[in-house]
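Undergrad: Sequence first, then the predicted structure:
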Amino acid sequence: MNQLITWIYHSEDYDPYEVARFEQSITTRYSALARPHGLDFRVISATELVPSCVGRPVLRYRGADLLSQKQCYIVEDMSTDSQGAQALRAVYRTIAASDSVLLNRSFSGPDYLERDKLALIQYAAALGVPTIDTVGVPPGKYARRAIDEARLALGPGPLVIKPRELSGGTGVLRTDSDQQLAAAVDIVAQTGAGYVIQPYLVHHGDMRVYVADGQVVCSLTRRPRKDGYLASVSQGGSIEVNKDHELVAEHCERIARSLNAEWMCIDWLMTDSGPILNEWSTAHGGFTMMPEPERTQVANAFFGWIRRKAATWS
């Protein structure tokens, strides 16, 4: 019987008409790459889960306790809805407290370094890694205090304002004037989410580097569509592969070593003056849309790592 990987996400972040298509697409793509490694793959919405503790961590799904058998999990812990994010984190922490494996926890250190753009940039800067200058936006009625700080620290613009803890280009705004920045800050101040302001850096690609067991595997480069400013594939960007990861291999491996990372995806903005760290993530990393042979190369590193972890259970 194959070891099972369960990906848990918040379906309420998706248009109801898109949920079934998303689940089918991601299951098909990841299952095809996981099976050669003796692994099965499935997707579950967090809305169907009830986390609890009855003498031990319990995660109830359609009447069964998922944690009654040791398995591997990937749990998204970010959501556009604050209550949804809290629900995801309850699931995340329940699995982390059990004897199952939470694949998101692939490095040492606090879990907010998996998602908080401000915190991870601060961490990387302390390692001497080139990072993008970043200003945090205070909450609610204090949000406009970030405007003067952004002018002082980041210059006249253009600037980008983005959520601290979302991915895929969700909620990212480019501003080209003081008035636009003020309006954007006013809007995000009402969302209840944390935001950061960064300079808009002219770049020719957004490169994701895959790092397994502290070593660079390979990379993909995402490019915005014509006249666009977001490189994420979900926002219309395109993918290519090249050897640009060689430019940042030393930085990537330094980050991974400092965190004892087993698996990381580290994103870089490729500017004319050199690569600048943008963010990083753990777990899946969106490699199923890569061309061959790089897709198989990353899949072998990713699922091979999971398989080795599962082998230690027997």
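TA: Sure, I can see it.
Undergrad: neighbours of residue 153, just the number please.
TA: Per other C-beta atoms under 10 Å, the neighbour tally for residue 153 reads 14. Where you see a C-beta, it was placed from the backbone N, CA and C, and this is true even at glycine.
Undergrad: Show me what the residue nearest in space to the middle of the chain is bridged to.
TA: In the chain, the centroid-proximal residue (C-alpha atoms, centre = their mean) is residue 281; its distance is 3.9 Å. Under DSSP bridges, the beta-bridge partners of residue 281 are residue 265.
Undergrad: gap between it and residue 51?
TA: Going from residue 281 to residue 51 by C-beta to C-beta, to the nearest Å gives 23 Å.
Undergrad: got the contact list for the helix or strand of the chain with the lowest mean pLDDT?
TA: Lowest by mean pLDDT, DSSP states H and E among the helices and strands of the chain is strand 238-240, with a mean of 82. With contact meaning C-beta atoms under 8 Å, 6 or more residues apart in numbering, strand 238-240 is reached by 205, 220-223, 225, 233, 289-291.
Undergrad: Surely residue 195 and residue 159 touch.
TA: No. Here residue 195 does not reach residue 159: they are 11.6 Å apart, not a contact under C-beta atoms under 8 Å.
Undergrad: And those two? Which one has more around it.
TA: Higher neighbour count among residue 195 and residue 159: residue 195, with 28 against 24, using other C-beta under 10 Å.
Undergrad: and that one, what is it in contact with?
TA: 136-137, 161-164, 185, 188.
Undergrad: Just the residues you listed: which are in strands?
TA: Those of these mapping onto strands are 136-137, 161-163, per DSSP state E.
Undergrad: residue ranges of the strands in the stretch 51-200 of the chain, please?
TA: Here the stretch 51-200 of the chain has its strands, by DSSP state E, counting those that start in this stretch, at 57-61, 64-65, 72-75, 101-102, 135-137, 159-163, 173-175, 195-199.
Undergrad: and those as TSV, adding mean pLDDT and distance to residue 115?
TA: Below are those laid out as TSV (pLDDT from 0 to 100; distance: least, C-beta to C-beta, whole Å):
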stretch	mean pLDDT	distance to residue 115
strand 57-61	98	21
strand 64-65	96	27
strand 72-75	95	11
strand 101-102	93	14
strand 135-137	96	15
strand 159-163	95	10
strand 173-175	93	19
strand 195-199	96	12
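Undergrad: got a markdown table for those strands, with distance to residue 305 too?
TA: Converted to a markdown table, those look like this (distance: least, C-beta to C-beta, whole Å):
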| stretch | distance to residue 305 |
| --- | --- |
| strand 57-61 | 23 |
| strand 64-65 | 26 |
| strand 72-75 | 10 |
| strand 101-102 | 11 |
| strand 135-137 | 33 |
| strand 159-163 | 29 |
| strand 173-175 | 36 |
| strand 195-199 | 31 |
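Undergrad: So for stretch 72-91, first residue to last residue, what's the gap.
TA: Stretch 72-91 has an end-to-end distance of 13 Å (criterion: C-alpha to C-alpha, to the nearest Å).
Undergrad: buried sites along it?
TA: For stretch 72-91, a neighbour-count test (16 or more other C-beta atoms under 10 Å) marks 72-80, 84-85, 87-91 as buried.
Undergrad: Quick check: of the residues you listed, which lies closest to residue 242?
TA: Checking the buried residues of stretch 72-91 against residue 242 with C-beta to C-beta, the nearest one is residue 74 at 27.5 Å.
Undergrad: Name the residues linked to the closest one by a beta bridge.
TA: residue 7.
Undergrad: do you know how far it is from residue 159?
TA: 33 Å.
Undergrad: where does residue 255 sit relative to residue 128, distance-wise?
TA: Using C-beta to C-beta, residue 255 is found at 10 Å from residue 128.
Undergrad: Likewise for residue 103?
TA: Residue 103 is 29 Å from residue 128, by C-beta to C-beta.
Undergrad: Compare the two (neighbour count), which wins?
TA: A count of neighbours by other C-beta under 10 Å puts residue 103 above the other of residue 103 and residue 128, at 23 against 9.
Undergrad: how much space between the more buried one and residue 302?
TA: 9 Å.
Undergrad: Also residue 77?
TA: 19 Å.
Undergrad: just residue 290 next, same as before
TA: Taking C-beta to C-beta, one finds residue 290 at 11 Å from residue 302.
Undergrad: Residue 162 too?
TA: Using C-beta to C-beta, we find residue 162 at a distance of 27 Å from residue 302.
Undergrad: neighbour-wise, which of the two wins?
TA: residue 302 (24 against 21).
Undergrad: In what element of secondary structure is that one found?
TA: Assigned by DSSP states H and E, residue 302 belongs to helix 294-311.
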